[in-house]
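>>> predicted model and sequence below, questions to follow.
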Amino acid sequence: MSTTTTASGGATAGSLTSVVVRLKVSLLRNGLRQSTRRRAAYITSIVVALLVAALQLIGLIALRGNPHATAVGVLLVAVLALGWAVMPLFFPGGDETLDPTRLVMLPLRPEPLVRALLAASLVGIGPLFTLCLAVGAVIAIAQGAAAFAVGILAIALTLLVCVALARAVAAANVRLLTSRKGRDLAVLSGLVIALGAQVVNFGLQKLGSAGGLAALEPFADVLRWIPPAAALDAVDSVGDGAYATAIAQLALTGVVLAALLRSWQRNLTRLMTSPDGSTLGAARPTSDGTRGSTRPARLLPFLRADARGGAPSRTATVMERSLRYVWRDPKTKAAWVTSLAIGLIVPLFNALQGTGSVYFACFAAGMLGIQMYNQFGQDTSAFWMVAMTISSPRDAYVELRGRALALLVITLPYATLVTVVTTAMLGDWPALPEVLGLSFALLGAMLATGAWSSARFPYSIPQEGYKNVAPGQTGLAWISIFGGMVAAALLCAPVLALTIWLHVADADAWTWLLLPLGTAYGAGITALGLRLAAPRTAGRLPEILAAVSKG
């Protein structure tokens, strides 16, 4: 028995790497066989990744001989390593082998498993993209045969550190990545891409106004000692004859690689041998033996009971349910966080670039007002419970009013904050009242059109995956959102026309009136929109339920 086990263990240790690599290839191949759409998406991603990698390779080679080529290469490698570190948090489903607990029942030891998974991690689009960038950076930096020889080692270290970093992060957070919070992070990946695009755009504009690539040198001086960028800078050090510096940078990168592998192995051992206690406190009762109140109710005590101290009113119940969706439902939370972030980023980044206007602050109200559209889609098939409580237009009005008030709890203070911050950055304080008035009017118009659109053009939001619209309902989503936005802009025309007239007539001293007028207009148009949408909602309950249940 022991002889057989030893022989089996030796065979497993010797062939485990090839088996896991073949498993990775099989996962990729079988994944492409699932559907034509997935195959097309994967092929498209390969073509785009290879095209970007080729362009970067050509661009880096073109920098050869440029005095700032090293700074560019070091920064690119550092940013690439950061991407490898955060990608497992936002795309945990992109690679099935990122979850080592799938192998927990197999008789595998940590050391050979780490080697096997590391080799399997080198198969894919990401490693190929990293390899192209590292090769291009070495060609741009290396000067002399010795530098090219060190460059080969630098390329290998860069690739291994990036892959090991991703694996170490994934292993350390595997419990998170397989939980509801991990799915929340995955849904928020679009926000990360949007933020990254804004940062890149801001950085490129700064480079154009700060002396070009020379502005990168201070950052490169710091990053040149942070692996894996240190390995790449070692190529430049060898070219300059600083062999001791190059050895120190390569040694530092090797130490970091060993530390990452050690951390990865330790986390693998812990995952393979310890139970999952992530749900022990999930349903822990409070001191009185009941489950604690939800976070929205704790933050907003008026949601728990009416003024007489009895049971919560229907408005309070609807508000709490809507806020609970915002806090707990991954898709709803992602939409809110994205709107909050973009609504702040657009006016602030434009203000930082010196090309912004205080009126960009209205963008926050517009982004947040979008959340009123397709209110019933977030209920999915559970909308039948809401439909059972609606027997008249009055019930529908109270339902819509509660949802609108829940949205206002977040949007009103946030839109005010964004407007005040944007005004402070631009120093245009006299424009604050009119911009607030315009924001409140726009928000009211979007609440009104959103309530009507929710009843007229509902669509389902799939709970799994990254899509926010069920198949076959894309047209409904476009009509609901963009048609509603156009209608909201038209509804704001009176306030906008008054604003333009005051400026054209040189009556700037009276623009402060736009704050109360815009606020009153927004409140009035919201109430009118809810009144008009209520009968349509009450009369289309079966159609709404059928539309939102397709996901």
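Good, I have the coordinates. Residues are numbered from 1 along each chain as shown.
>>> residue 389: what secondary structure?
Each residue gets one of three states, and residue 389 gets coil by DSSP: H, G, I helix; E, B strand; the rest coil.
>>> just checking, it touches residue 395?
Yes. If you go by C-beta atoms under 8 Å, residue 389 and residue 395 touch, sitting 6.5 Å apart. For glycine as for every other residue, the C-beta is placed from the backbone atoms N, C-alpha and C.
>>> list the buried ones in stretch 19-33?
Buried residues in stretch 19-33, defined by neighbour count with 16 or more other C-beta atoms under 10 Å: 20-21, 24.
>>> quick one on the thing from earlier: between residue 389 and residue 395, which is the more surrounded one?
Taking other C-beta atoms under 10 Å, residue 389 and residue 395 do not tie; residue 395 has more neighbours (16 against 13).
>>> and that one, how far from residue 314?
Look at residue 395 and residue 314: by C-beta to C-beta, to the nearest Å, they are 8 Å apart.
>>> tell me, what's touching the two both at once?
Shared contacts of residue 395 and residue 314, defined by C-beta atoms under 8 Å, 6 or more residues apart in numbering, comprise residue 389.
>>> before we move on, back to that, nearest to residue 544, of the buried residues of stretch 19-33?
Out of these, the one with the shortest distance to residue 544 is residue 24. That distance is 44.9 Å, counting by C-beta to C-beta.
>>> picking that back up, the buried residues of stretch 19-33 in helices, which ones?
When the buried residues of stretch 19-33 are checked against helices (DSSP state H), the matches are 20-21, 24.
>>> so where does residue 347 fall, helix or strand?
When secondary structure is defined by DSSP states H and E, residue 347 falls within helix 330-352.
>>> other SSEs contacting that helix?
Identification of packing neighbours for helix 330-352 by 3 or more C-beta pairs under 8 Å, 6 or more residues apart in numbering; DSSP states H and E yields helix 180-187, helix 189-209, helix 314-328, helix 362-369, helix 393-426.
>>> residues shared between the contacts of residue 389 and residue 395?
Going by C-beta under 8 Å, 6+ apart, residues that sit against residue 389 and also against residue 395 are residue 314.
>>> of the ones in helices among the buried residues of stretch 19-33, just say which sits nearest to residue 114.
residue 20 (10.5 Å).
>>> and the closest one, what does it touch?
Under the contact definition (C-beta under 8 Å, 6+ apart), the residues listed for residue 20 are 97, 116-117, 119-120.
>>> low-confidence stretches in the stretch 201-350 of the chain?
Judged by pLDDT under 70, the stretch 201-350 of the chain has its weakly predicted residues at 201-212, 274-312.
>>> span of stretch 117-136 from start to end?
Start to finish, the residues bounding stretch 117-136 are 27 Å apart (C-alpha to C-alpha, to the nearest Å).
>>> state the mean pLDDT of that stretch.
Averaging the model's pLDDT scores along stretch 117-136 yields 88.
>>> buried residues in that stretch?
Neighbour-count burial for stretch 117-136, with 16+ other C-beta under 10 Å as criterion, is recorded at 117-136.
>>> just those: which are in strands?
Secondary structure from DSSP state E places none of the buried residues of stretch 117-136 in strands.
>>> angle of the helix holding residue 347 against helix 393-426?
Counting by axes from the mean of the first three to the mean of the last three C-alpha atoms, to 10 degrees, helix 330-352 lies at 30 degrees to helix 393-426.
>>> just the ones of the contacts of residue 20 in helices?
116-117, 119-120.
>>> which one among those gets closest to residue 107?
Closest approach to residue 107 among the ones in helices among the contacts of residue 20 (C-beta to C-beta): residue 116, at 13.6 Å.
>>> how much space separates that closest one from residue 363?
Residue 116 sits 50 Å away from residue 363, going by C-beta to C-beta.
>>> equivalent analysis for residue 320, please.
In this structure, residue 320 lies at 29 Å from residue 363, with C-beta to C-beta as the measure.
>>> distance of residue 505 from residue 437?
Separation of residue 505 from residue 437 (C-beta to C-beta): 17 Å.
>>> the more surrounded of those two?
For residue 505 versus residue 437, the count of surrounding residues by other C-beta under 10 Å is larger for residue 437: 25 against 9.
>>> quick one: the strands in the protein, in order.
Using DSSP E, the chain contains no strands.
>>> could you list the domains of it?
Listed by automatic domain parsing, the domain ranges of the chain are 17-273, 296-548.
>>> and these, which one averages the lowest pLDDT?
Sorting the domains of the chain by mean pLDDT places domain 17-273 lowest, at a mean of 79.
>>> how about residue 110, what does it touch?
265, 268-269, 272.
>>> report the two of those separated the most.
265 and 272 (10.6 Å).
>>> still on that earlier bit, if you rank the contacts of residue 110 by neighbours, which is first?
Of all those, the highest neighbour tally under other C-beta under 10 Å goes to residue 268, namely 25 neighbours.
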